[in-house]
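1. Here is my input, please return the structure:
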Amino acid sequence: MSKYEHHLPGDPLAEEDYELSTASQSSDPLLPSYDDHNNLHGQQNDKPYFPSPHRQLQINRKRSQFRKFLSCFCLSLIIVLPSLGLLGCYFGKDGLAKVKNWDQIPPDVKDWLDEILPLKQKADHGAFPTDIGYAGPTPTGAEAALIATAPALPMYNNINPLVPPTEKSKNGFNIIQHWGNLSPFYSVSSHGLPETSSLIPEQCELEQMHWLQRHGARYPTSYPEGPSAFASRITNTRSNWKAKGDLKFLNDWEYLLASEILTPFGRSQLFNLGVSARVKYGSLLNKMKGRLPVFRTESQDRMLKSAQNFAAGFFGIPAEDQYNLEVSIEAPGFNNSLAPWNTCRALGVDYKTKLAEWDNVFLKDAQKRLQGMIEGYELTIKDAKDMMETCAYETVALGYSSFCDLFTQKEWKGFEYRSDLYWWYAQSFGYAPAKAQGVGWLQELTSRLTKTRLTEFNSTVNSTFHNDVQFPLNDPLYVDFCHDTQFALMLPTMNLTTFAETGDLPTDHIPKHRSFIASKIMPFATNLQVQVLTCSGEKKIRIILNDAVVPLTGIKGCLENDEGLCSFDEFVNSMKELIGNINFEKECNYNPKSNEPIPQEGDVIAEVGDLNEHTANKVIPEKGEDLVLDKQSSQGKAEEEDKDDGEPSKQDDDSDSDSDDSDSEDED
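-> A predicted model of the protein is given here:
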C-alpha cells in the first residue's frame, strides 16, 4: 500500500472525507496525505501539513459555533440596549435609579448601566430633614399694598452683582441701559407723562391687575449668529493673528456662554420682581376668596424657570401649593397666544437691509479702530457688532466683559438705536402683521376684563385651556409670562400710538427725539400691568410699563388724563373694535383651501425676533381646536438679534429677540 493511501479497513471516515472535485481528471493527483494518517504507523512524514477533511470539518464547526455565538451576542445587544432605553422612558429616571440601587445587581453590571444609561442621580436628602419642628412663632402679617399706601415708589435700577462698564461713559451715561432688548430691566422715568406717578391715585382703589412679564436675562439663543459665531471665527484662526492694545485680552479669550436658558442674574431678576409685586399688589390676594391664583407660562426652559422664580419671590418658598402654574406648549404646531409667531406666517419689510445700512454708519469708525489692534485677521463690521452683543451677554451671564470698554459712548447709542430699528420693523409698528400676531392675548385680556368666556377661536388662542379652571374670569390677579416680542406686538395691537409719534425710523442717523426706544420697552424682565381701578365710583383702566404710566390717548374714547386713566367702558369697547378690525386669515396670509400662506408681490418673509424660528404656516383652528394642522416648512428662519420664549423662540432675528423669544439676532 502506498504511504499516501491512508484509509485502512475499519476507519470510519465521513462521506465528505472522500470527496474529490467533480472536475478532477484521471491524471490529477489524489488528495494529499493527512498527518494523522501518515503518522499512524510511526512513519515520518516529509510532506506538507494538510489537516484531514475530518479535522477540517471539526475546525469549521467550531468556527461556525463561535460565529453563531458572536452573532447572538450582538443581536442580544441590539435588542437589550433599546429595550433598556424604552424601559427608561417608561419608568423614568427614578425607576432606573431604583434598578441601579438594587443590592442584588452586581457592581460591574451597575457600572455598565452607568456607562450606557448615565442618569443624573436624584439627591438623597434623607439625612438632612428641613421640617424638624421648633419653627418658633409664625404669625402672618397683613398683605402689603405699597402701590396705594406709599408717598412715592422707588426707582429700580439694581444690577447687582454685575459690574457695569464705565470706562467710556461720562455725564452719568449708563452703557448697560443702552443694550436694547438685552438691557436688564430698570424703572423708566416716563413714557410721556413725566409728572405722573405709578402710584394708585388718591381717589382710586385697585380692583384687578393683569401682569405681563418677560423672562429674565438669558444666554444667547441657539441661532448660529452673534457671539457664538464670532467666537468660532476668532478661535478657528487664532494661530494666524495677534491682538494688542485694548484688544490684547482677545489673545487668551475663551467663549464661556451657554444658550437659551436663564443666567443666574436672570433668575434673581424674576425673584426680585416677584418680591416687588407682592409688596405692591399683595393686598389683591385678600380678594381671592380662597382660590389659588393662576399664572401662565410656556414650556421653554427659561419661560418655566422665570415663572417659578417669580412665584418664589411672590409667595415665598415653597410656592407650589400657593398658586397654579399653567404651562402651555411653545413649539410649531401648537396655538399659543403668548408665543404667537408659531401660528401666523409673518410677512414684512426687509429689516435686515435696514440693519446693515445702519451698521455701516455707526460702526465704521469702530471697525477701523479695532482693526488697528489686531494683525493677521480682517475684522469686519459684523465682527464689531458681534463684539458689542458679546459685551451685553457676557455681562449678564458672567458679571463682567472686557468687550464693553472697546466702544465709545456714541457707539453704544448707535447700538441701542440698532435694536430700535430691529424691533420697529421686525415686530412692531413697522411690521404689517403685528396686530394679527398680537390679537390673541388682547382677546384674552378683553375676556378677563369683561368676564365673558371666548366662544370663537380664530387666532393664536389655544382653546384647550379656555375653561373655568385653567382660564378663570373672576380673579383679581393674573400673571402671564412671555417673550420680548410680545411687548413689541402689543403696542400696535392695542393702538398705543404715543410710542409711534415720531414715525418710521431712518437708517442714516438717530433722530434727535424718538418715541420708540427698545431698552425702555422690552429689556430683560420687562413687565407691564393693566390696572382696573374704581375712582370716585367710576371704573377706570390704566397701563404701567416698567414702572412708568403709559398715555392711552391713541385708544378711541380715551381722553388726555394727567394720571393716564381711561374709562373702563371706552377702553373695552375700543379693544373690541380693534379685535374686530383684524382679519387674521388675511394678515397672516393663510389660504384655508390649500393650508398655505398667500404670497403677496414684493413681500419679504420676516425673521421673527429671537430671531425667529417662529415663522411657520398658519392654520386657523376650528372651534375647540388647539393644534395647528398641516404645517408647512418654516421659511425665513428668524435670525436672532443676539447676533432675541418667546422674544418669539423662538429665537432665542438680528436683534436677538427671544421669540425663540423672537430673539433678535440672537426663545423669550
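
2. how near is F73 to S169?
-> Distance of F73 to S169, given as C-beta to C-beta, to the nearest Å: 68 Å. Glycine gets a C-beta too; all of them are placed from N, C-alpha and C.

3. Out of the two, name the residue with the larger neighbour count.
-> S169 (18 against 10; other C-beta atoms under 10 Å).

4. quick one: that one is in a strand?
-> No - secondary structure of S169 (DSSP: H, G, I helix; E, B strand; the rest coil): coil, not part of a strand.

5. Isn't it up against I175?
-> Yes - between S169 and I175 there is a contact at 5.4 Å, judged by C-beta atoms under 8 Å.

6. shared neighbours of these two, anything?
-> Q409 (C-beta atoms under 8 Å, 6 or more residues apart in numbering).

7. Identify the residues contacting the residue nearest to K435 when sequence neighbours are not counted.
-> The shortest distance from K435 to any non-neighbouring residue, by C-beta to C-beta, 6 or more residues apart in numbering, is to T493 (4.8 Å). T493 makes contact with A434, K435, Q437, G438, V439, W441, L442, L578, according to C-beta under 8 Å, 6+ apart.

8. one more time with 7 Å, if that's ok
-> A434, K435, G438, V439, L442 (C-beta atoms under 7 Å, 6 or more residues apart in numbering).

9. cool, and G557?
-> Taking C-beta under 7 Å, 6+ apart, one finds S567, E570, N573, S574 in contact with G557.

10. As a markdown table, the residues you listed with distance to A488, neighbour count and secondary structure would be great.
-> Formatted as a markdown table, those follow (distance: C-beta to C-beta, whole Å; neighbours: other C-beta atoms under 10 Å; DSSP: H, G, I helix; E, B strand; the rest coil):
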| residue | distance to A488 | neighbour count | secondary structure |
| --- | --- | --- | --- |
| S567 | 27 | 19 | strand |
| E570 | 25 | 17 | helix |
| N573 | 25 | 15 | helix |
| S574 | 20 | 21 | helix |
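
11. As JSON lines, these with distance to I234 would be great.
-> Below are the contacts of G557 laid out as JSON lines (distance: C-beta to C-beta, whole Å):
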{"residue": "S567", "distance to I234": "57"}
{"residue": "E570", "distance to I234": "56"}
{"residue": "N573", "distance to I234": "57"}
{"residue": "S574", "distance to I234": "52"}
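
12. need the helices for the stretch 101-250 of the chain, in chain order.
-> Remark: helices assigned in the stretch 101-250 of the chain by DSSP state H, counting those that start in this stretch are 107-116, 146-149, 227-236.

13. where does this structure dip in pLDDT?
-> By pLDDT under 70, the weakly predicted segments of the chain are 1-57, 81, 84-105, 110, 113-121, 168, 346, 590-656, 658-668.

14. So for the top strand by length along it, what gets flagged as buried?
-> For the chain, the strand with the greatest residue count under DSSP state E is strand 204-214. Within strand 204-214, the residues that count as buried by 16 or more other C-beta atoms under 10 Å are C204, L206, Q208, M209, H210, W211, L212, Q213, R214.

15. Report the beta-bridge partners for the closest residue to L250 other than its chain neighbours.
-> Counting by C-beta to C-beta, 6+ apart, the nearest residue to L250 once its immediate chain neighbours are dropped is A243, at 4.3 Å. As for beta bridges, A243 partners with I374 under DSSP bridges.
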